[in-house]
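In: Based on what follows, work out the 3D shape:
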Amino acid sequence: MESVDVKAEVEVEAIVSITDKAAAKAKSLLAEKGSEGGALRVFVAGGGCSGYQYGMALAEEAEEGDLVIEHAGVRLLVDAESAPLLKGAEIDYVEDVMKSGFTIFNPNAVKSCACGSSFDTADSSGQDQAHACSH
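Out: Down below sits the predicted model:
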């Protein structure tokens, strides 16, 4: 197994946080999958209707270069490319009449789409981009 490059805990904690409700849901999902020692991977990919889109997946272990954040008994994994786009973001879990699922409040997003999983930042806004909403 390759070693994992983990930044100083203070710096890593500033990247992304998770609410207690979202942490409880993540722990529940990991337990359902028989992966209590696993983690929730949070990432940003190009695309979506606003320029970038969020992604989340369950992961067994960290990969080289991942930032590892632990909160309320849950490990979050963020790759180095996604980290600047997620700095200061908060992951929550929402359950209401319309939908239920993880949601991300991102202070870096200057534009987002009604789908809730697509956003753009000030650094890239204004560029000519054609995107379709992908759910």
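In: quick one: the residue nearest to G88 when sequence neighbours are not counted and L40, what's the gap?
Out: Leaving aside its sequence neighbours, G88 sits nearest to P107 (CB to CB, 6 or more residues apart in numbering; 4.7 Å). The way it works is simple: take the backbone N, C-alpha and C, and place the C-beta from them, glycine included. Counting by CB to CB, to the nearest Å, the gap from P107 to L40 is 20 Å.
In: what residue ranges in the chain score low on pLDDT?
Out: 1-14, 47-50, 110-135 (pLDDT under 70).
In: What segments of it are strands?
Out: Assigned by DSSP state E, the chain shows strands spanning 16-18, 39-47, 51-59, 67-71, 74-78, 89-95, 100-105, 109-112, 118-121.
In: Quick one, which of those gets closest to L29.
Out: strand 51-59 (6.5 Å; CB to CB).
In: What residues of that closest one count as buried?
Out: 51-54, 56, 59 (16 or more other CB atoms under 10 Å).
In: any idea of the angle that strand forms with strand 89-95?
Out: For strand 51-59 against strand 89-95, the angle by axes from the mean of the first three to the mean of the last three CA atoms, to 10 degrees is 70 degrees.
In: and strand 51-59, what does it pack onto?
Out: Contact partners of strand 51-59 among helices and strands, from 3 or more CB pairs under 8 Å, 6 or more residues apart in numbering; DSSP states H and E: strand 39-47, strand 118-121.
In: Partner strands of it, with direction?
Out: When pairing is defined by DSSP bridges, strand 51-59 lines up against strand 39-47 (antiparallel), strand 118-121 (antiparallel).
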